[in-house]
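*Asks:* Just a sequence and a predicted model for now, questions to come.
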Amino acid sequence: MNTKQKFSYGLANFILILSVIAYSIMWIDNNIAAPQVIDVYGNTWYDLGYDYGQKCNNKIEGVAAVLDGLKNLLETTTNTTIEEYITLYQPFIPNTTLDFMQGIADGAGVTFNEIFLLNLFFDIYPDVFEGLGLSCSAFIITEKSPPSTGAFFGRTVDNAAISLMEYWQIILRLHPPVGNPIIIHTGAGFVGPLTGMNSKGVAFLVNFVAPDVTGPGMPMLVTGLIVLLYSNTTQDAVAFLNGTYTPSCAPQASGWNYGVLDLKGDAAIIETTHELVHIRWAKDEGNGWIGATNHYVSTEMMPHNQYVSESSQLRLSTIQLVVNNSNQFNLNDAMNLLRSHYDPAFGGDFAGHRSICNHDPLWSSMSAFIAAPKLNYTLVCIGHPCQNDFYLVSFDKILGPIA
Amino acid sequence: MDIKAIDKRIFLILVIICLSGAFPAIFSPNPSIGIIFPILEMVLVWFLLVLGISYLLRFAPTHKDVKLQEFSLFVGFGFIPVLISNIVLSIITILKPAILTNLETINELEMYLSSHPLYSLWFIIPKILPFIAYLAMAIIIGFAIKKIYQINLTWAMYLSIPLVFLTSFSISTLFITFL
């Protein structure tokens, strides 16, 4: 072997070893390290946003860059510019939240318009991707939970463009200038929760629904933030979501299934469209639990589904089957259900849109979340729930992996 | 190697490949006919690795002398670490303690974790093991390429490592997307 050959083999070996080491570090960081929980503080809403933006600037810049591409698609599909969207939706957003958005934009080094679009995108999503739904599944266990655990909820968060979105999800502990401190699981740059719990023991979740009508109103992420900041009980949250509380969240920008649970075990799924609201109280359904996927189930709201996917109905039937068959449903059972690949249409395990834990490469489960208000902690799993671990996140601790 | 001996071993290798696909699904809480998919997945990975590598190395000097059965046998040996990993993973899934059934409060969980420092191994091993198994598979296939096609080990590894990871990832993705 001559010197040139020796050099090329040496270089090749070096690159090979370096690649294996780099991949291993990235892999360990993504799969074994505990999820990063970001504490955000501020004496004003702008300061709170600035701290948030600074601490998550890499992720927010990443989301904003992709959003720039989506902006063109949005403007072409809906014939509405982002500036026009801001003019239409801004009146429904409290000034404090707009300050919060401005702080995030400045802290992360992106524009206010980008942060605004980011926080509106889920609400105008049905206008852009008509016929495309998501696959989130949620259940709130009330009377069926052990008395020592108290009522709790579990849910999976599914999203499109999973390979991108899963790196942008974050866990925040917000210490706001006004209102309750909150733990939220959300996306980088979002002002509100996809799932969360406040220090008063009110837990909140939201599932996507394709409604028949969308229009200017309060975006889902802003609604979730206000619910957690100012609600001390489920009744408070329902009053706000029902539009009977001032300031009101009505009209909503789109249709959602909101879930709320409090320390006393009062739980409800609030089905909302752009203008209508229907409350499903867990105690009225009388099963000891209540569930929601991606369609309205109440007879009042059913006609307002733009479409009802088979997968959404089947996932709800799986929850019904599993929970109804248990005498008592504990946190461990909840984790097993969130990790379930059971596909009722197939009659066995097959991890697609019809199972709770969904593995579709483009549009799948990117995390799972359990909130237990009585125990004063949340259990968070980042990534596919079946392959990743649950960590305990409370207002002052992170423990784990737990399960 | 004698052709008859190879034929017998090919059968054994097929059993290993099918078992490595079947193992996690056997212990699923909802076993069904769906068990056939991971088995097909593994057979397809094996098939593609054999054909893909022999196609890529069709210009290798020894190519004309290479018997495909012998090469597929060596590639099949690479599935032994995957089978072992899947058996161990199934055992871990069964034995892993479900602490949240008995312990609930933050203090109880904190005390349990501090008194059981090895508890996190239940979570780390199932993640590292498949990675090591596929790496071992790639290394075995790398040595097989070196032996059969008589090319330098470094280039053999350059071929086998990405091919093993890409093939296994893309086949499982295809199965989820289209079935």
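*Replies:* It's in. Keep in mind that this is a model prediction, so the values were computed, not measured. Residues are numbered from 1 along each chain as shown, chains lettered A, B, ... in the order given.
*Asks:* ranges for the helices of chain A?
*Replies:* Taking DSSP state H, the helices of chain A run over residues A:3-31, A:45-55, A:57-78, A:82-89, A:95-108, A:112-128, A:162-168, A:220-230, A:234-241, A:282-285, A:310-324, A:331-338.
*Asks:* Identify the spatial nearest neighbour of the residue of chain B found nearest chain A, chain neighbours not counted.
*Replies:* Taking CB to the nearest CB, chain A has its nearest neighbour within chain B at residue B:32, 2.1 Å off. Quick note: C-beta positions are derived from backbone N, CA and C, even for glycine. Leaving aside its sequence neighbours, residue B:32 sits nearest to residue A:348 (CB to CB, 6 or more residues apart in numbering or on different chains; 2.1 Å).
*Asks:* What strand or helix carries the residue of chain B most remote from its centre?
*Replies:* Distance from the C-alpha centroid of chain B peaks at residue B:107, with 40.1 Å (CA atoms, centre = their mean). Assigned by DSSP states H and E, residue B:107 belongs to helix B:106-115.
*Asks:* Go through whichever helix or strand residue B:171 is part of and flag the buried ones.
*Replies:* If you go by DSSP H and E, residue B:171 is part of helix B:153-178. Residues of helix B:153-178 classed as buried: B:154-161, B:163-165, B:167-168, B:171-172, B:175-176 (neighbour count, 16 or more other CB atoms under 10 Å in any protein chain shown).
*Asks:* Kindly report the same for stretch A:36-50.
*Replies:* Going by neighbour count (16+ other CB under 10 Å), the buried part of stretch A:36-50 is A:37, A:40, A:42, A:45, A:46, A:47, A:48, A:49, A:50.
*Asks:* Residues in contact with that stretch: which ones?
*Replies:* By CB atoms under 8 Å, 6 or more residues apart in numbering or on different chains, the residues outside stretch A:36-50 that reach it are A:51-52, A:55-56, A:96-97, A:99-107, A:170-177, A:191, A:393, A:398.
*Asks:* Which among the residues you listed count as buried?
*Replies:* The buried subset of these - by 16+ other CB under 10 Å - is A:51-52, A:55-56, A:96-97, A:99-107, A:170-176, A:191, A:393, A:398.
*Asks:* What separation do you get for residue A:210 and chain B?
*Replies:* Remark: distance between residue A:210 and chain B (CB to the nearest CB, to the nearest Å) = 22 Å.
*Asks:* What is the neighbour count of the closest residue to that residue other than its chain neighbours?
*Replies:* Distance criterion CB to CB, 6+ apart; nearest residue to residue A:210, sequence neighbours excluded, is residue A:306 at 4.0 Å. Residue A:306 is flanked by 17 other residues according to other CB atoms under 10 Å in any protein chain shown.
*Asks:* Okay, now the unreliable bits of the chain?
*Replies:* This is for chain A. Scanning chain A for pLDDT under 70 picks out A:1, A:27-33, A:126-133, A:161-164, A:244-248.
*Asks:* look at chain B instead
*Replies:* Within chain B, the segments meeting pLDDT under 70 span B:1-6, B:62-66, B:176-179.
*Asks:* mind redoing it with 80?
*Replies:* Low-confidence segments of chain B (pLDDT under 80): B:1-8, B:24-25, B:27-34, B:59-67, B:169-179.
*Asks:* longest helix anywhere in it?
*Replies:* Criterion DSSP H: the longest helix present in chain B is helix B:121-149.
*Asks:* That helix near chain A anywhere?
*Replies:* Yes: residues of helix B:121-149 contacting chain A under CB under 8 Å from any CB of the partner chain: B:123, B:124, B:127, B:128, B:131.
*Asks:* For residue 82, the count of nearby residues, please.
*Replies:* I'll assume chain A. Other residues close to residue A:82 by other CB under 10 Å number 18.
*Asks:* To clarify, I was referring to chain B.
*Replies:* Residue B:82 sits with 25 neighbouring residues when counted by other CB under 10 Å.
*Asks:* which residues touch it?
*Replies:* Counting by CB under 8 Å, 6+ apart, residue B:82 touches B:20, B:42, B:130, B:133, B:134, B:137.
*Asks:* ok, back up a step: starting at the chain centroid, how far to the longest helix of chain B?
*Replies:* Between the centre of helix B:121-149 and the centre of its chain there are 7 Å (CA atoms, centre = their mean, to the nearest Å).
*Asks:* Give me the angle between that helix and helix A:3-31.
*Replies:* Here helix B:121-149 points in a direction 150 degrees away from that of helix A:3-31 (axes from the mean of the first three to the mean of the last three CA atoms, to 10 degrees).
*Asks:* returning to that earlier point: identify the farthest-apart pair in the residues of helix B:121-149 next to chain A.
*Replies:* Greatest spatial distance among the residues of helix B:121-149 next to chain A (CB to CB): B:123 and B:131, at 14.0 Å.
*Asks:* Name the residue in the two with the higher neighbour count.
*Replies:* Between residue B:123 and residue B:131, residue B:123 has the larger neighbour count (other CB under 10 Å), namely 20 against 16.
*Asks:* Can you name the residues that contact the nearest residue to that one once chain neighbours are set aside?
*Replies:* In space, residue B:123 comes closest to residue A:401 once its chain neighbours are excluded; the distance is 4.4 Å by CB to CB, 6+ apart. Listed by CB under 8 Å, 6+ apart, the contact set of residue A:401 reads A:34, A:389, A:390, A:391, B:120, B:123.
*Asks:* go again using 7 Å as the cut-off
*Replies:* Residues near residue A:401 by CB atoms under 7 Å, 6 or more residues apart in numbering or on different chains: A:389, A:390, A:391, B:120, B:123.
*Asks:* quick one: it from residue B:91, how far?
*Replies:* 19 Å (CB to CB, to the nearest Å).
*Asks:* the inter-axis angle of the helix or strand residue B:12 falls within versus helix B:121-149?
*Replies:* According to DSSP H and E, residue B:12 maps onto helix B:3-26. For helix B:3-26 against helix B:121-149, the angle by the same axes, to 10 degrees is 160 degrees.
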